[in-house]
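Colleague: Quick one, fold the following:
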Amino acid sequence: MITNYNEIIEQLKGKNWQKINIIFNIDKGSIRYGKIEYIDENDLTNSFWISFDEIDDLINSIFNKYDSNIDNLNTRFNKYQIEIYPDGEVTEKEWWDSEKEKKDLLDSADVFYQWVNERMMSMIFEYEKDNDLVPTEYDSDGDLEYLSSWDSGVFMFHIDKNNNLEYKVVLTKDGKERTLDLPLKDYFVEGILDHYKVTNNELSDDWKPWNTMILKSLHYDIPYDKRDEFVSYIFE
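Modeller: So this is what the prediction gives:
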């Protein structure tokens, strides 16, 4: 198997090493180094680096294995370790890190509102464009330009006792409010319901119970340090 790791070994050419140790952190759609190091002849741990482009086949094989096992509680993993020794011995190990799983869920939940805001802006434009609700004008070159139909908005999402999503979209333009009867995409509804489920169950130690999310949008991205000004979770 050592031939599979020639690119990694070549990275340490000219160095005396006893062991190479690499740990990958894997999520759906992403993989990154958790640790990449070697032990030298003096038993000292040293970091080094090799780009994923140089070990593309290895990254793809780990991803394929991850994807084929992720739905099996007995074989799934989100950590993958490779240890390489100068004599050609290679050991590989994978395992499921529950603490990492929770941290990943918490990190995703903390920025979920950004996805909601982005998707809502996109769906509003798409819907209003298709229904001739977006004002237009021609620029100096004679090309059609779409203008903004709203300056700010309030999006309310409520999960009722039957776990159905109720929602309301209120847009404001030049100080005038209007309610938009916007149909939500199925994937978006599923995303809201999944966020509700995860934060009220797996993350219940970190999140207060809620069934209503209110997002105030200024028609642009909401920075993380402004989250509390624009996003609120309440229980009704």
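
Colleague: after the one helix or strand Asp56 maps to, next one along is what?
Modeller: For Asp56, the enclosing helix or strand under DSSP states H and E is helix 56-69. Per DSSP H and E, the first helix or strand lying C-terminal to helix 56-69 is strand 79-84.

Colleague: residues in contact with that following strand?
Modeller: Strand 79-84 is contacted by residues 2, 5, 8-9, 19-26, 34, 62, 65-66, 90-97, 100 when judged by C-beta atoms under 8 Å, 6 or more residues apart in numbering. For glycine as for every other residue, the C-beta is placed from the backbone atoms N, C-alpha and C.

Colleague: for stretch 130-138, same thing?
Modeller: Residues contacting stretch 130-138 (C-beta under 8 Å, 6+ apart): Phe125, Tyr127, Glu128, Leu144, Glu145, Tyr146, Leu147, Ser148, Ser149.

Colleague: In contact with the second one, which residues are there?
Modeller: Pointing back at Tyr127 there. Taking C-beta under 8 Å, 6+ apart, one finds Leu133, Leu180, Leu182, Pro183 in contact with Tyr127.

Colleague: quick one: which of those sit in helices?
Modeller: Judged by DSSP state H, helices contain none of those.

Colleague: from those, which would you call buried?
Modeller: Leu180, Leu182 (16 or more other C-beta atoms under 10 Å).

Colleague: and the contacts of Tyr127 as a markdown table, adding distance to Asp174 and pLDDT?
Modeller: Listed next are the contacts of Tyr127 as a markdown table, based on distance: C-beta to C-beta, whole Å; pLDDT from 0 to 100:
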| residue | distance to Asp174 | pLDDT |
| --- | --- | --- |
| Leu133 | 15 | 85 |
| Leu180 | 16 | 95 |
| Leu182 | 20 | 96 |
| Pro183 | 26 | 96 |
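
Colleague: From the contacts of Tyr127, pick the one nearest Asn46.
Modeller: Leu182 (55.4 Å; C-beta to C-beta).
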